[in-house]
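Peer 1: Structure for this input, please:
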Amino acid sequence: MKLIFMGTPDFSVGTLEALLEAGHTVTLVVSQPDKPKGRGHELIPTPVKAAALRHNLPVYQPARLRDALAVETLQKTEADAIVVVAFGQLVPKSILEMKPYGCINVHASLLPRYRGAAPIQWAVIAGEEESGVTIMQMDEGLDTGDMLLKRSVPLEEKETGGSLFDKLSQVGAELCVEALEKLEQGLLTPEKQGESPTAYASMLTKDMGRIDFTRPAREIERLIRGLNPWPSAYARLHGKTLKIWEAQVIERIGGLGDGHGKEPAGRAMGRPGEIIGVTRDALHIACGQDILAVTELQLEGKKRMDTGAFLRGYQVEPGTMLET
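Peer 2: Prediction:
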C-alpha cells in the first residue's frame, strides 16, 4: 500500500519501521512540530521525524491539522490509507474520510478499555492483569472507532509503564502490518465498540506523581511502577524531592511476621508518610494500609540508586516524616 504515516513519540517509530520493512511505500510522514529543549532552547526533532529522515522520507509538521493548508497537503499526497500512531492531535473528519481505506489507528489498550492519551500507564496504575493493542478504524470520537484486530499482552508482577510501553510498541507494529494486509484482502470485519468500563486514560502530568501516603501501600506501589520512567512518583525528604523508583508492599498482620512480605514483629504503626523502619536495603514507610518498603530511589541532586547504596552515604532516622 501507499501510506501517509502520522505519529510523534518513540512509541510510533516501531510501526513506521515495520511498515517500511513489510514493503509499504510511505509517501509522507506527518509529525508534531519540533519543540525547544535544554538551556539553549534548541529545536529537537520528534522521534518519528528523526526516523523518517534516516529513511529519506518527506516530513510535514503542521501546527494544526485542521488548518486548510494541512488538509490540502494531505489531500494532494497520494495514499491508500493513513496510519495514525500516537500523533497527538485530533484528526478532523475531512482527513478521516480522505483516502480509500480511511485512517487506521494503533491504540495501546484493549478497546473499549482505556480510551485516551495514556492507556499504557493507567493499565499499570489500575492493577490490570493484561493490556494489549487494538487496531482501529478511526472515527470522529476519542478512540471510539470500529475495532479491526486485537492482541492481548499479560502484565508481569513488576511491570512498569516503561516496560509495557516497549512491549506494546513492538506488538502494535506487528499487528498494524497484519491488519493492513488483511484489510487489503478484505479479510477484516469491523467490530463496534461498547461503552468503556474504565475511566478516560487522561494525559500524565508531573503532579500525578506526588505520593499520598494516606492511600493503601498497594495502590502507591502500582503508581510508582505506572509512572516509571515518567513523570515518576515522588515525596520530599528533608526539603528535597525524593523520587521512588521501586518498592514492595509489606502487609500488616498485627505486629507479627518474618519480614519477607509480612510486617516484622514489634513494628510501630506510624502515621502515613512516616519512615517507621530503616533496614540495610529499604526504607519502610507507613501508609493508609500496610507498609511500603522502598528499595530504589533518587534524592534530588543525586543519581538513581538502590536504597542500600543510598543509606551508606545518607542518614535517615526512623520517625522521619516524608512530605507530600
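
Peer 1: Centre of the chain to stretch 84-101, how far?
Peer 2: Between the centre of stretch 84-101 and the centre of its host chain there is 22 Å, according to C-alpha atoms, centre = their mean, to the nearest Å.

Peer 1: Residues in contact with it: which ones?
Peer 2: Stretch 84-101 has contacts (C-beta atoms under 8 Å, 6 or more residues apart in numbering) with 1, 4-9, 11-12, 15-16, 30-32, 64-66, 71, 74-75, 79-82, 102-106, 108, 138-140, 142, 172, 176, 183-184. C-beta: built from backbone N, CA, C; applies to glycine.

Peer 1: mean confidence for that stretch?
Peer 2: The average pLDDT within stretch 84-101 is 96.

Peer 1: If you count neighbours, what's buried in it?
Peer 2: Neighbour-count burial for stretch 84-101 flags 84-89, 91-92, 95-96, 98-99, 101 (criterion: 16 or more other C-beta atoms under 10 Å).

Peer 1: do the same with stretch 175-184
Peer 2: Residues of stretch 175-184 classed as buried: 175-180, 183 (neighbour count, 16+ other C-beta under 10 Å).

Peer 1: Mind putting these into CSV with pLDDT and distance to E274?
Peer 2: Formatted as CSV, the buried residues of stretch 175-184 follow (pLDDT from 0 to 100; distance: C-beta to C-beta, whole Å):
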residue, pLDDT, distance to E274
L175, 98, 47
C176, 98, 49
V177, 98, 52
E178, 98, 52
A179, 98, 52
L180, 98, 55
L183, 96, 57
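
Peer 1: could I get the residues you listed as JSON lines with distance to R222 and secondary structure?
Peer 2: Formatted as JSON lines, those follow (distance: C-beta to C-beta, whole Å; DSSP: H, G, I helix; E, B strand; the rest coil):
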{"residue": "L175", "distance to R222": "26", "secondary structure": "helix"}
{"residue": "C176", "distance to R222": "29", "secondary structure": "helix"}
{"residue": "V177", "distance to R222": "32", "secondary structure": "helix"}
{"residue": "E178", "distance to R222": "32", "secondary structure": "helix"}
{"residue": "A179", "distance to R222": "31", "secondary structure": "helix"}
{"residue": "L180", "distance to R222": "35", "secondary structure": "helix"}
{"residue": "L183", "distance to R222": "36", "secondary structure": "helix"}
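
Peer 1: Done for today, thanks.
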